[in-house]
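Colleague: Fold the following and give me the result.
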Amino acid sequence: MSTSPFVPGDRFSGFGREAFRLEVLGECGSTWPEEYRTGAWSRVVMAARRAGKRMYRVHVLTRPLSACVEEDLTWGRVRHVPAGEEYYVLDVTEQENPVPQAPDFWLFDDETVAVPRYGDDGEYLGVGFPDAGEAARFRAYRDAATARAVPFEEWWATYRT
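Modeller: As a prediction, the model looks like this:
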């Protein structure tokens, strides 16, 4: 796997039809990315949607939520869903996790995988790119997670703290 200081946001102008994100970390970094504070991520999502592209993610989580994840869901996701990002939750509090070995990752157009790297404190360190031959494994993670996830709005209405 090659590693790069690549910021995943750089990739969003180049994908053709869809970008999928699997989030599996139960904690966040100590600082929020600039695009979350300024609303730039919502603009990226809206531009992709206007171009007919799909952006979606599954967040694997357990309750009770950490303060960081709750904050992320409260203001980050509530902002991005209306911008057009499809957001799903795979709550594994009372069910088996179908993707226990999966790392956080982005999958672009079913072929290009970007795996964010984090330090022990949760700080973003860059991204690794698995070999192209590994894309099938990440597609399997995506498919297993999406098969058991529920729409964010449905989960939020039931479990919002």
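Colleague: so Val80 touches Tyr87, yeah?
Modeller: You called it Val, but residue 80 is His. Yes. Contact between His80 and Tyr87 holds when scored by Cβ atoms under 8 Å: they sit 6.8 Å apart. Bear in mind the C-beta positions are built from the backbone N, C-alpha and C, glycine included.
Colleague: For this protein, which segments count as strands?
Modeller: Ranges of strands within the chain are 2-4, 18-23, 54-61, 86-91, 105-108, 112-118, 124-129, 150-151, based on DSSP state E.
Colleague: In a markdown table: those, plus mean pLDDT, distance to Ala144 and mean neighbour count.
Modeller: Converted to a markdown table, the strands of the chain look like this (pLDDT from 0 to 100; distance: least, Cβ to Cβ, whole Å; neighbours: other Cβ atoms under 10 Å):
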| stretch | mean pLDDT | distance to Ala144 | mean neighbour count |
| --- | --- | --- | --- |
| strand 2-4 | 46 | 26 | 11 |
| strand 18-23 | 96 | 10 | 22 |
| strand 54-61 | 96 | 10 | 21 |
| strand 86-91 | 96 | 9 | 21 |
| strand 105-108 | 95 | 13 | 20 |
| strand 112-118 | 90 | 15 | 19 |
| strand 124-129 | 85 | 21 | 16 |
| strand 150-151 | 96 | 14 | 14 |
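Colleague: So which of these is nearest Asn97?
Modeller: With Cβ to Cβ as the measure, strand 54-61 is the member of those nearest Asn97 (6.5 Å).
Colleague: buried sites along the helix ranked longest in the chain?
Modeller: In the chain, taking DSSP state H as the definition, the longest helix is helix 135-148. Going by neighbour count (16 or more other Cβ atoms under 10 Å), the buried part of helix 135-148 is 135, 138, 141-142, 144-146, 148.
Colleague: so where's this protein shaky on pLDDT?
Modeller: Residue ranges of the chain with pLDDT under 70: 1-10, 28-38, 161.
Colleague: So for it, which residue is the most central one in space?
Modeller: Nearest to the mean C-alpha position of the chain, by Cα atoms, centre = their mean, lies Arg21 at 3.5 Å.
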